[in-house]
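Undergrad: Below are the sequence and a predicted model; questions follow.
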Amino acid sequence: MFDKWMQYSYAAQKHQRHRYLKFFFIFFILFLLYNAISVFLISVWALNNDTMQPGLSYGDHLLFTSFFIPFKENRFPINRGNIVLVDMGNIKNRKAPIKAIDVIVRFFTGQSRSIFMQEDQYYIKRVIALPGDEIYMNNFVFRIKPAGSPYSLTEFELAQRPYHPAIPNVPAIWDETIPFSGNMDTIVLGPDECFVVSDDRSNTNDSRTWGPVSPSLITAKAVLRFWPVVKFELY
């Protein structure tokens, strides 16, 4: 009888509606806060391939930051050697309804999934050269002459942290006209161009095939790898 009274009581129904509204309001605020943080501060991405071997492997989870603090004297906010997230699909300019669906998917999957991931639009790559740099590759190793510098250095000398790319074994009969030959002619990056590559140099799904990318397509840079726990590493 008491349960029946609760079911039909106006006061009880009003109280129940207020509980639902309160729940949805709190959920909405958390949703907005979470996505504001993921867009402007941090986001989580899982590597779904082995293009960054041997340093990163399939299934590694990385924390990225999208908050680029302006530097003095117009210094570029990305450094050579940084691991970055590249938006080759220019997803930030997609239609609002599609982006809204992606926001929801990423919210409920802890930022580890995206409806655009199946399109291979997001790539985790390493920045090798910055705007104005002169760059060429010999035997899969890049040499860079920074803008304004009189001499060139290897990619490792210019990186802030050490890393070890995977260098493939190429048949001796291959020449520079064959893909994956390991060599690249000298190019000079424009004022709105960066060069990003895979650590696994046998995979050329990077600036070697795309060409230089605009800094506007670099949406975040890696801060740390937190999973697997045994491979925890700061960047």
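TA: Structure received. Numbers count the residues shown, from 1 in each chain.

Undergrad: isn't residue 184 right next to residue 141, touching?
TA: No: at 10.5 Å, residue 184 does not count as touching residue 141 under the criterion of CB atoms under 8 Å. Every residue, glycine included, has its C-beta placed from N, CA and C.

Undergrad: Of these two, give the one with the bigger neighbour count.
TA: residue 184 (17 against 13; other CB atoms under 10 Å).

Undergrad: what are the bridge partners for the nearest residue to the more buried one once chain neighbours are set aside, then?
TA: Of all residues not flanking residue 184 in the chain, residue 137 sits nearest, at 3.8 Å (CB to CB, 6 or more residues apart in numbering). Residue 137 has these beta-bridge partners by DSSP bridges: residue 142, residue 184.

Undergrad: Quick one: neighbours of residue 137, just the number.
TA: 22.

Undergrad: show me the contacts for residue 130.
TA: Taking CB atoms under 8 Å, 6 or more residues apart in numbering, we find residue 130 in contact with 76, 78, 80, 146-147, 189, 194.

Undergrad: Please tabulate those residues in JSON lines, including the columns pLDDT and distance to residue 42.
TA: Below are the contacts of residue 130 laid out as JSON lines (pLDDT from 0 to 100; distance: CB to CB, whole Å):
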{"residue": "76", "pLDDT": "59", "distance to residue 42": "21"}
{"residue": "78", "pLDDT": "84", "distance to residue 42": "16"}
{"residue": "80", "pLDDT": "92", "distance to residue 42": "23"}
{"residue": "146", "pLDDT": "91", "distance to residue 42": "29"}
{"residue": "147", "pLDDT": "85", "distance to residue 42": "30"}
{"residue": "189", "pLDDT": "94", "distance to residue 42": "28"}
{"residue": "194", "pLDDT": "93", "distance to residue 42": "22"}
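
Undergrad: Just the buried ones among the residues you listed, please.
TA: 78, 80, 146, 189, 194 (16 or more other CB atoms under 10 Å).

Undergrad: close enough to count as contact, the residue nearest to residue 184 and residue 183?
TA: Yes: between residue 137 and residue 183 there is a contact at 5.9 Å, judged by CB under 8 Å.

Undergrad: picking up where we left off before, among the buried ones among the contacts of residue 130, find me the one that's closest to residue 64.
TA: residue 78 (12.2 Å; CB to CB).

Undergrad: Hmm, that closest one is touching residue 218, no?
TA: Yes: using CB under 8 Å, residue 78 is in contact with residue 218, at 6.2 Å.

Undergrad: quick one: common contacting residues for these two?
TA: With CB under 8 Å, 6+ apart as the test, residue 78 and residue 218 both reach 84, 127, 194.

Undergrad: Now render those as CSV, adding distance to residue 214.
TA: Shown next, in CSV, are the shared contacts of residue 78 and residue 218 (distance: CB to CB, whole Å):
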residue, distance to residue 214
84, 13
127, 13
194, 8
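
Undergrad: quick one: which of those residues is nearest to residue 121?
TA: residue 84 (14.5 Å).

Undergrad: Helix or strand: which one has residue 18?
TA: helix 10-40 (DSSP states H and E).

Undergrad: quick one on the thing from earlier: out of the contacts of residue 130, which is nearest to residue 44?
TA: residue 78 (19.6 Å).

Undergrad: Just say helix, strand or coil for the closest one.
TA: coil (DSSP: H, G, I helix; E, B strand; the rest coil).

Undergrad: What separation do you get for it and residue 48?
TA: Separation of residue 78 from residue 48 (CB to CB, to the nearest Å) stands at 23 Å.

Undergrad: do the same with residue 81
TA: 23 Å.

Undergrad: what's the answer for residue 198, then?
TA: Between residue 198 and residue 48 the distance is 13 Å, computed by CB to CB.

Undergrad: Appreciated, that's everything.
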